[in-house]
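starting from these lines, generate the structure:
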Amino acid sequence: MVVVGSCCGTIKSITTAAKDKQAADQLSGCNNDLMDTASVLLKSPYADGYDIQPQANFDFLVNVTPLNGVEVSINRNKTEASVLLPSSAAGQDSRNNNAAELVPSVLQDAEELDEKLEIKINEHLILGFMRLVIALTGCTKDPVITGVKLLRLLSLRLVPLGFAFSDEWSSSYSSSRGKSHSADEKAHTIDALPPGGTTRLLIRPRLDELTDQKMSVDSGSDTEEEVDSAERDAGTSSSRSPDVDGNKKVESGQFGVNRRCTMEVAQSDDLPSAKGKVRWQDFNQNLYVGATLVRPGQDPYARNKFNQVESDKLQMDRAVPDTRHDHCRSKQWRSDLPASSVVITFHNEARSALLRTVISVLKKSPPHLVKEIILVDDYSDNRESSAPSLTILFKSERRTEDGALLGKIEKVRVLRNDRREGLMRSRVCGADAATAPVLTFLDSHCECNDHWLEPLLERVAEDKTRVVSPIIDVINMDNFQYVGASADLKGGFDWNLVFKWDYMTLEQRRARQGNPIAPIKTPMIAGGLFVMDKEYFERLGKYDMMMDVWGGENLEISFRVWQCGGSLEIIPCSRVGHVFRKQHPYTFPGGSGTVFARNTRRAAEVWMDEYKNFYYAAVPSARNVPYGNIQSRLEMKKRLGCKPFKWYLENVYPELRVPDHQDIAFGALQQGGNCLDTLGHFADGVVGVYECHNAGGNQEWALTKDKSVKHMDLCLTVVDRTAGTLIKLQGCRENDSRQKWEQIESNSKLRHVGSNLCLDSRSARMGGLTVEVCGPNLSQQWKFTLNLQS
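Presented below is the predicted three-dimensional model:
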């Protein structure tokens with residue numbers, strides 16, 4: 001049997017022996033009904049359709065649109081089959097399917113293919129066509145019956161993944177008609193089909209599971225229909241209204257809106273069967289990780305922005321220190337906890353980090369509590385990988401096996417996006433595919449600690465509206481040392497809406513001394529690692545599907561949970577390590593700052609009410625970033641009866657200082673990386689500068705409308721109105737001219753009104769801040785984090 005790859009005139013031939021001559025004879029013996037059988041194959045769920053065209057010397061030809069780039073043909077005279085196959089590792093054992101064996105081969109020299117085509121191949125459909133060719137060994141003389149058999153063959157693979165099937169037929173004796181069938185009904189429909197005529201079998205995504213049926217070769221900006229679909233999928237109304245505040249529609253670049261993982265990557269003939277699976281202990285870890293090792297001379301940080309060499313050297317099931325409190329080790333957990341689906345999304349993740357994450361989940365969790373691990377490959381294209389890809393290369397792009405190979409491990413399922421979606425839509429994809437009652441979301445570079453899952457599941461089992469997170473330990477990005485994190489932290493943010501860790505107040509820490517492992521109520525979660533009831537996740541609106549790539553999603557879901565009746569907790573007895581990086585290893589279309597601002601602005605516009613103005617004061621440039629249509633999210637907020645942001649500030653995050661209506665500037669008073677600081681001094685004490693810590697406290701100031709620079713009830717005071725005078729903290733007095741300041745030079749300096757001198761830090765190391773003659777000195781450049789002047 002000759003296997004030929006064909007694409008728009010460019011053909012690469014690979015010849016393999018037909019190891020089953022009987023199968024080849026049967027293939028050629030189908031004869032007259034092959035041309036009719038060709039009409040069976042029509043309509044891919046990811047393309048406009050298959051064009052069935054007669055061609056000289058070929059009795060069976062399926063010419064697929066360039067989007068799929070597949071051509072299947074059978075020559076009954078030469079007993080040949082031409083099919084564009086997915087590439088596979090050279091030398092791997094081929095699989096015997098229905099007594100015929102096809103050995104896929106790697107297609108090289110991709111540059112010779114038509115540069116105008118953007119060809120994406122779906123592995124399942126291609127494998128289906130391979131089996132179609134083989135299935136013809138049992139074909140009958142009736143093309144309709146043969147067609148149904150072929151459809152059943154495909155349906156066995158596609159029905160569990162959310163596809164519906166319908167048969168349409170016509171004959172000279174009756175008009176066209178159609179009927180839908182489930183996979184189990186196919187066998188009962190053969191006798192009901194009319195003899196002769198033309199058979200057309202339609203495969204399409206189920207509307208209730210895959211709302212987006214379209215794929216465009218141009219994966220550019222999103223259409224209004226796709227935007228509507230995204231908003232509807234988020235559990236919101238489908239009504240269309242003009243963008244809030246007249247905001248123009250956002251172009252999302254190469255990223256999709258409301259896409260789905262297009263197909264589950266098969267590692268066995270039946271999905272989601274465990275056939276062919278191996279225990280994680282039996283998985284060839286060295287071969288898997290060794291295929292992508294950093295070569296000598298390469299930067300170990302280049303691919304992943306952490307030291308991949310160190311990661312690759314570690315054992316995949318290495319022991320990490322038990323960082324839990326002693327009380328956790330003796331605590332007994334409920335025996336009736338619900339099982340969880342663990343959803344891990346990734347894009348071009350280091351194989352060692354991804355595998356270590358998977359193994360730690362399986363090794364450190366009671367088996368009955370992990371129903372499945374769902375890996376969502378967000379269109380990885382690891383060009384550095386030396387491993388062969390599942391599909392062929394087009395325009396120097398390949399879809400790698402980084403995740404697919406892990407599908408060989410027991411309980412691991414692998415989904416793959418057909419284009420880049422980003423964290424939020426990828427997680428929704430995994431959540432939609434999950435079959436357990438509880439969802440556990442993890443990043444792809446984590447290591448679970450001992451008994452990490454039980455305490456999380458117990459809190460959710462007790463109250464389904466709880467969203468719980470472990471204490472996130474630190475895995476050093478340079479040497480991968482595992483370091484326990486403090487249990488005295490809560491998630492928070494400043495008015496720039498950037499996540500930060502807040503230390504509990506002294507009173508809060510004292511209150512916990514009696515029960516140090518009690519759950520910690522937190523205003524915000526970091527977002528990478530949390531557990532949530534699946535039904536509650538869906539009822540609460542999943543993620544905002546119009547957010548792109550990464551960033552702001554933790555802010556949005558935290559506001560939504562608290563304001564709509566739920567709660568967020570950090571569970572001290574659950575510990576999971578995470579590799580914290582200083583920069584992203586992948587690019588953002590339009591830049592990471594723009595994407596983050598767009599996502600954050602969507603969260604602010606929906607959930608923060610009038611308090612969003614403090615965000616715009618802190619990040620003025622965000623006003624210029626379009627944020628898209630939020631009408632459906634606002635309708636969802638109303639439907640769920642969510643509380644206003646004022647309630648959130650008063651009841652959930654009272655530690656966040658809200659600017660007073662008398663303030664014209666607020667927050668830290670910054671000078672480069674340093675900030676004005678009380679240094680712990682009180683009345684009559686001097687002030688200085690200290691490295692900015694973004695935690696408020698000693699570095700929180702306000703410039704009021706009456707021209708005072710205040711820290712709580714203390715004001716900056718110029719005791720002697722001469723240059724070089726030290727600034728003192730004194731109790732604020734309404735009409736004291738020594739305490740009057742104003743911003744000058746585009747709010748970049750603070751000038752003392754009475755002396756006409758400027759706040760200066762040149763003497764900070766020698767005793768404190770002074771006032772000096774105003775000049776262009778950097779030591780006089782100051783900026784509030786929030787400038788509230790319009």
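
in stretch 619-628, what's buried?
For stretch 619-628, burial by neighbour count (16 or more other Cβ atoms under 10 Å) applies to 619, 622, 625, 627-628. Yep, even glycine has a C-beta here, placed from its N, CA and C like the rest.

below-threshold pLDDT in the stretch 451-600 of the chain: ranges please.
By pLDDT under 70, the weakly predicted segments of the stretch 451-600 of the chain are 584-593.

so where do the helices sit in the stretch 601-750 of the chain?
Secondary structure of the stretch 601-750 of the chain (DSSP state H, counting those that start in this stretch): helices located at 612-618, 631-639, 645-651.

can you count the residues close to residue 694?
Residue 694 is flanked by 17 other residues according to other Cβ atoms under 10 Å.

about what we covered before: and of the helices of the stretch 601-750 of the chain, who's closest to residue 775?
For those, the distance to residue 775 is smallest for helix 612-618, at 28.2 Å, taking Cβ to Cβ.

now the closest one: mean pLDDT?
Per-region confidence: helix 612-618 scores 93 on mean pLDDT.

contacting residues around it?
In this structure, residues lying in contact with helix 612-618 by Cβ atoms under 8 Å, 6 or more residues apart in numbering are 494-497, 600-601, 604-605, 608, 622-623, 658-659, 666-667, 785-788.

how about it: buried residues?
Buried, per 16+ other Cβ under 10 Å, within helix 612-618: 612-618.

make TSV from those and add distance to residue 718 to it.
TSV is the format used below for the buried residues of helix 612-618 (distance: Cβ to Cβ, whole Å):
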residue	distance to residue 718
612	36
613	32
614	29
615	33
616	33
617	27
618	28
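
grab the longest strand from the protein for me.
Secondary structure assigned by DSSP state E gives strand 567-579 as the longest strand of the chain.

what comes up buried for that one?
Those buried within strand 567-579 under the rule 16+ other Cβ under 10 Å are 567-579.

ok, the residue nearest to residue 530 when sequence neighbours are not counted to residue 305 distance?
In space, and not counting its chain neighbours, residue 530 is closest to residue 469: 4.5 Å by Cβ to Cβ, 6 or more residues apart in numbering. Distance check for residue 469 against residue 305: by Cβ to Cβ, to the nearest Å, it reads 23 Å.

neighbour-wise, which of these two wins?
Neighbours per residue, other Cβ under 10 Å: of residue 469 and residue 305, the larger number sits with residue 469, 26 against 16.

SS state for that one?
Going by DSSP: H, G, I helix; E, B strand; the rest coil, the secondary structure assigned to residue 469 is strand.

and if you look at the one 4 residues further on?
Using three-state DSSP as the criterion, the local structure at residue 473 reads strand.

how about it: what's its closest non-neighbour residue?
Once its chain neighbours are removed from consideration, residue 473 has its nearest residue in residue 577; the separation is 4.3 Å (Cβ to Cβ, 6+ apart).

ok so, going back, I'd like the helices of the stretch 601-750 of the chain as TSV, with distance to residue 748 appended.
Converted to TSV, the helices of the stretch 601-750 of the chain look like this (distance: least, Cβ to Cβ, whole Å):
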stretch	distance to residue 748
helix 612-618	16
helix 631-639	37
helix 645-651	30
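
so which of these gets nearest residue 333?
helix 645-651 (29.9 Å).

return the set of buried residues in that closest one.
645, 648-649.

also stretch 528-546?
Judged by neighbour count (16+ other Cβ under 10 Å), stretch 528-546 contains these buried residues: 528-534, 536-538, 540-546.

in helices, which of those residues fall?
Counting by DSSP state H, the members of these that fall within helices are 534, 536-538.

residue 775: which of the residues you listed is nearest?
residue 537 (57.7 Å).

surely the closest one meets residue 430?
No. Using Cβ atoms under 8 Å, residue 537 is not in contact with residue 430, being 11.1 Å away.

any weak-confidence spans in the stretch 301-450 of the chain?
382-401.

what about 50?
384-399 (pLDDT under 50).

all helices of it, in order?
According to DSSP H, counting those that start in this stretch, the stretch 301-450 of the chain carries its helices in the segments 308-313, 326-329, 351-363, 423-433.

save those helices as a markdown table, and put in mean neighbour count and distance to residue 291 too.
Below are the helices of the stretch 301-450 of the chain laid out as a markdown table (neighbours: other Cβ atoms under 10 Å; distance: least, Cβ to Cβ, whole Å):
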| stretch | mean neighbour count | distance to residue 291 |
| --- | --- | --- |
| helix 308-313 | 19 | 11 |
| helix 326-329 | 13 | 38 |
| helix 351-363 | 24 | 7 |
| helix 423-433 | 24 | 24 |
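
beta-bridge partners for the residue nearest to residue 747 when sequence neighbours are not counted, please?
Counting by Cβ to Cβ, 6+ apart, residue 787 is the residue found nearest to residue 747 once chain neighbours are left out, at 5.6 Å. With DSSP bridges applied, residue 787 shows beta-bridge pairing to residue 665.

residues contacting residue 787?
Counting by Cβ under 8 Å, 6+ apart, residue 787 makes contact with 617, 620, 664-665, 747.

about what we covered before: could you check how far the residue nearest to residue 530 is from residue 607?
Relative to residue 607, and taking Cβ to Cβ, residue 469 is found at 19 Å.

and what of residue 471?
Residue 471 sits at a distance of 26 Å from residue 607 (criterion: Cβ to Cβ).

next: residue 650.
Distance from residue 650 to residue 607, by Cβ to Cβ: 15 Å.

how about residue 326?
If you measure residue 326 against residue 607 using Cβ to Cβ, the figure is 39 Å.

and for residue 489?
Residue 489 sits 23 Å away from residue 607, taking Cβ to Cβ as the criterion.

which of the two has more neighbours?
For residue 489 and residue 607, the more surrounded residue by other Cβ under 10 Å is residue 607, and the numbers stand at 24 against 17.

picking that back up, which one of the ones in helices among the buried residues of stretch 528-546 is nearest residue 512?
residue 536 (27.1 Å).

thought residue 463 was touching that closest one, still the case?
No. Between residue 536 and residue 463 there is no contact, the gap being 9.7 Å when judged by Cβ under 8 Å.

what sits against the spatially closest residue to residue 278 that is not a sequence neighbour?
Across the structure, with Cβ to Cβ, 6+ apart as the measure, the residue nearest residue 278 apart from its sequence neighbours is residue 408 (5.7 Å). Taking Cβ under 8 Å, 6+ apart as the definition of contact, the neighbours of residue 408 are 267, 276-278, 283.
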